[in-house]
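Asker: Structure for the following, please:
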Amino acid sequence: MNYIGLLVEILYIFFIITLITSFLKSKKLTNYESRKLIHIGLSNTFLIACIFFDNYLYASILPLLFIFINYYSYKNKTITAIEIDKKEGLGTVFYALSLFILTFCLFITKKYLYIGILTTLILGYADGLAGLIGPKISKRTFKNNKTLEGSLIVFIVSYLISYFVLFLNNYESIFIYSFIIASYSCILEVLFNKGFDNLILPIILPIIIYFLTKNPTFLSFSISLSINLMIALFAISFKVLDIKGAVGAIILGTTVHYILGISSYIALLSYLLISNSTAIIFKISKKRDLKNEERGLKQVIFNGIIPFLAAILYYFNQNILYKAIFLLGLASSCSDTFGGEFGKTSNEKVKYIISRKEVKKGSSGGVTYKGIIGSLIASILMGLFSFIIFQNNQFYYFITISIFASISSLIDSIMGEFLQIKYFDLKTKQIVETLDFDDKDRYKKSSGFKYIGNSMVNFLSIVISCLLFTVIYYLV
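Answerer: This is a model prediction of the structure:
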């Protein structure tokens, strides 16, 4: 059967490449389309291997051979149907290498062949169909030229393949497993380009599937992580977060979900939605140029470090105070962010809160009555989560968290006025808060302290409100 399997594989590969090459030469397909179709077609060779081979050496022969064939074709453009441009990288070589690694490792015992089937079909069909359909319907493109629509196709196809394969292998909780596998597939496909997704996905995904189906703790963790991965994907697409900021948000979200549970996690998601709501509306309606306003890792750390540490402390010491600090940290950040964004929709004059000096819109420390009302609304909305997070004294937590979150926003404005570093731009004759590091000589310090920028002000205001809350907590 091994010799028959080799013959069937060779004939199948020859048929796929010949057929698609003929379509390419007749200009019914582009080079890009032909490559993706071959990408899809050759993923079926693992199924052929499962049917015919009982020896891992025979199963590995053709994938190993095609590593060298594909590299030679990459260098010399021998098989035009599988090569596009050298800028696209060694994708075809990595593809063959991945099939070789999967075949060699999984055919030794044959116990986990279903993992190889699942992985190769996702590698072929999900990635291939995303490449064929995504660019034709795409409206949102990531910085690496991947598209949101293509990523969603990867998710849907990966989910369907996972559901079908796991169903045939009599797994329970197929819906959850399939969602998690599809989420990981989607993110791995987005993160890596120039062909590296053809190598990274087939190596990491089988490991994830193995631990997912064998370890209940890993399953719980993966549910949290996969949900956050998908949310981060949309945040990057809408330019709410950059990639580094999204990584920080994923760590925060997964920690909160895993340690504090679903109610605190819902509070975190609501914080993200409320605090970014006006910015997202502006991005969709294009009423304001926000291309430089996506949040990075630094902003995520300064705004999220207190809730993150509170969750960690609660894990080691089940003190309800840490849950309260977690929610207050979110509410304080939300109050400041939403108040600032909401205030930008106002036509009022922006003034410092203490000196009442008029400043330009968007200046740190500047407030409007509309912005103050927005801060108060956000504080109250976040405070309402006290009724689902806490089992006792919910009204007490609602009142105190709402009050101290509002106080935090006021502290932020005061510190923004007096402590935050500001510069005088000698070229534009205006007060600015950030420097053009390519031309630093044009700036002169105007006020504030060197290491206290906007993110540090946000962090300090949250810390102060949490310390004040802790004092009141122990007194009352």
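Asker: contacts and neighbour counts: CA atoms only from here.
Answerer: Noted.
Asker: buried stuff in the helix or strand that contains residue 463?
Answerer: Residue 463 belongs to helix 454-475 when assigned by DSSP states H and E. Within helix 454-475, the residues that count as buried by 16 or more other C-alpha atoms under 10 Å are 454, 456-466, 469-470.
Asker: Kindly report the same for stretch 176-190.
Answerer: For stretch 176-190, by 16+ other C-alpha under 10 Å, it's 177-190.
Asker: And the strands in the stretch 351-476 of the chain?
Answerer: 358-359, 366-367, 422-425, 430-432, 443-447 (DSSP state E, counting those that start in this stretch).
Asker: Nearest to residue 9, out of these?
Answerer: Comparison of these against residue 9 by C-alpha to C-alpha identifies strand 430-432 as nearest, at 66.0 Å.
Asker: Distance from the chain centre to that closest one, please.
Answerer: 34 Å (C-alpha atoms, centre = their mean, to the nearest Å).
Asker: cool, and stretch 347-360?
Answerer: 37 Å.
Asker: if I pick the residue nearest to residue 228 when sequence neighbours are not counted, what's in contact with it?
Answerer: The shortest distance from residue 228 to any non-neighbouring residue, by C-alpha to C-alpha, 6 or more residues apart in numbering, is to residue 250 (5.4 Å). Residue 250 makes contact with 225, 228, 229, 232, according to C-alpha atoms under 8 Å, 6 or more residues apart in numbering.
Asker: Would you reformat those as CSV and include distance to residue 374?
Answerer: Output for those, formatted as CSV (distance: C-alpha to C-alpha, whole Å):
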residue, distance to residue 374
225, 31
228, 27
229, 29
232, 25
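Asker: and which of these is nearest residue 149?
Answerer: Nearest to residue 149 among the contacts of residue 250, with distances taken as C-alpha to C-alpha, is residue 232, at 14.7 Å.
Asker: Quick check: the closest one touching residue 249?
Answerer: Yes - Residue 232 lies in contact with residue 249 (C-alpha atoms under 8 Å); the separation is 7.4 Å.
Asker: on that earlier part again, looking at the strands of the stretch 351-476 of the chain, which one is packed in the most?
Answerer: strand 366-367 (a mean of 26; mean count of other C-alpha atoms under 10 Å).
Asker: Neighbouring strands of that one in the sheet, and parallel or not?
Answerer: strand 350-352 (antiparallel) (DSSP bridges).
Asker: Buried residues of the strand it pairs with, list them for me.
Answerer: 350, 351, 352.
Asker: Tell me, please, where in the protein the pLDDT is lower than the cut-off.
Answerer: 77-89, 138-145, 193-195, 216, 278-294, 436-440 (pLDDT under 70).
Asker: Report the central residue of it.
Answerer: Most central in the chain under C-alpha atoms, centre = their mean is residue 232, positioned 2.9 Å from the mean C-alpha point.
Asker: With adjacent residues omitted, what lies nearest to that one?
Answerer: Counting by C-alpha to C-alpha, 6+ apart, the residue nearest residue 232 is residue 246, at 5.4 Å.
Asker: hang on, the one you found in a helix?
Answerer: Yes - if the criterion is DSSP: H, G, I helix; E, B strand; the rest coil, then residue 246 is within a helix.
Asker: looking at it, it is touching residue 299, isn't it?
Answerer: No - at 10.8 Å, residue 246 does not count as touching residue 299 under the criterion of C-alpha under 8 Å.
Asker: How many neighbouring residues does the nearest residue to residue 372 once chain neighbours are set aside have?
Answerer: Nearest residue to residue 372 in three dimensions, chain neighbours excluded: residue 339, at 6.1 Å (C-alpha to C-alpha, 6+ apart). Residues lying near residue 339 (other C-alpha atoms under 10 Å) number 28.
Asker: swap in residue 168?
Answerer: 10.
Asker: quick one on the thing from earlier: would you format the buried residues of helix 454-475 as JSON lines with distance to residue 322 included?
Answerer: Listed next are the buried residues of helix 454-475 as JSON lines, based on distance: C-alpha to C-alpha, whole Å:
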{"residue": "454", "distance to residue 322": "26"}
{"residue": "456", "distance to residue 322": "22"}
{"residue": "457", "distance to residue 322": "22"}
{"residue": "458", "distance to residue 322": "20"}
{"residue": "459", "distance to residue 322": "17"}
{"residue": "460", "distance to residue 322": "18"}
{"residue": "461", "distance to residue 322": "18"}
{"residue": "462", "distance to residue 322": "14"}
{"residue": "463", "distance to residue 322": "13"}
{"residue": "464", "distance to residue 322": "15"}
{"residue": "465", "distance to residue 322": "14"}
{"residue": "466", "distance to residue 322": "10"}
{"residue": "469", "distance to residue 322": "11"}
{"residue": "470", "distance to residue 322": "10"}
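Asker: wait, what's in contact with residue 232?
Answerer: Residue 232 neighbours (C-alpha under 8 Å, 6+ apart): 241, 246, 247, 249, 250.
Asker: how far away is the second one from residue 469?
Answerer: As judged by C-alpha to C-alpha, to the nearest Å, residue 246 and residue 469 stand 29 Å apart.
Asker: how much space between the closest residue to residue 190 other than its chain neighbours and residue 306?
Answerer: With C-alpha to C-alpha, 6+ apart as the criterion, residue 190 has its nearest non-adjacent residue at 6.3 Å, and that residue is residue 146. Residue 146 sits 34 Å away from residue 306, taking C-alpha to C-alpha as the criterion.
Asker: ditto for residue 235
Answerer: 21 Å.
Asker: same check, this time on residue 181
Answerer: Taken as C-alpha to C-alpha, the span from residue 181 to residue 306 is 31 Å.
Asker: do residue 217 as well
Answerer: The value you get for residue 217 to residue 306, if C-alpha to C-alpha is used, is 26 Å.
Asker: who's more crowded, those two?
Answerer: Ranked by neighbour count (other C-alpha under 10 Å), residue 217 and residue 306 place residue 306 first, with 22 against 10.
Asker: Now distance to residue 61 too, for the buried residues of strand 350-352, in JSON lines please.
Answerer: JSON lines is the format used below for the buried residues of strand 350-352 (distance: C-alpha to C-alpha, whole Å):
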{"residue": "350", "distance to residue 61": "71"}
{"residue": "351", "distance to residue 61": "73"}
{"residue": "352", "distance to residue 61": "73"}
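Asker: ok, residue 218 - contacts?
Answerer: Applying C-alpha under 8 Å, 6+ apart to residue 218 gives the contacts 211, 212.
Asker: now the helix or strand encompassing it, how far from the chain's geometric center?
Answerer: Secondary structure from DSSP H and E places residue 218 in helix 216-237. Here helix 216-237 is found 8 Å from its chain centre; the criterion is C-alpha atoms, centre = their mean.
Asker: do the same with stretch 104-115
Answerer: So, by C-alpha atoms, centre = their mean, the centroid of stretch 104-115 is 31 Å from its chain's centroid.
Asker: Pull the residues that contact it.
Answerer: 50, 54-57, 59-60, 116, 165, 169, 206, 209-210.
Asker: Just the buried residues of that stretch, please?
Answerer: 104, 106, 107, 113, 114, 115.
Asker: With stretch 33-46 instead?
Answerer: 33-46.
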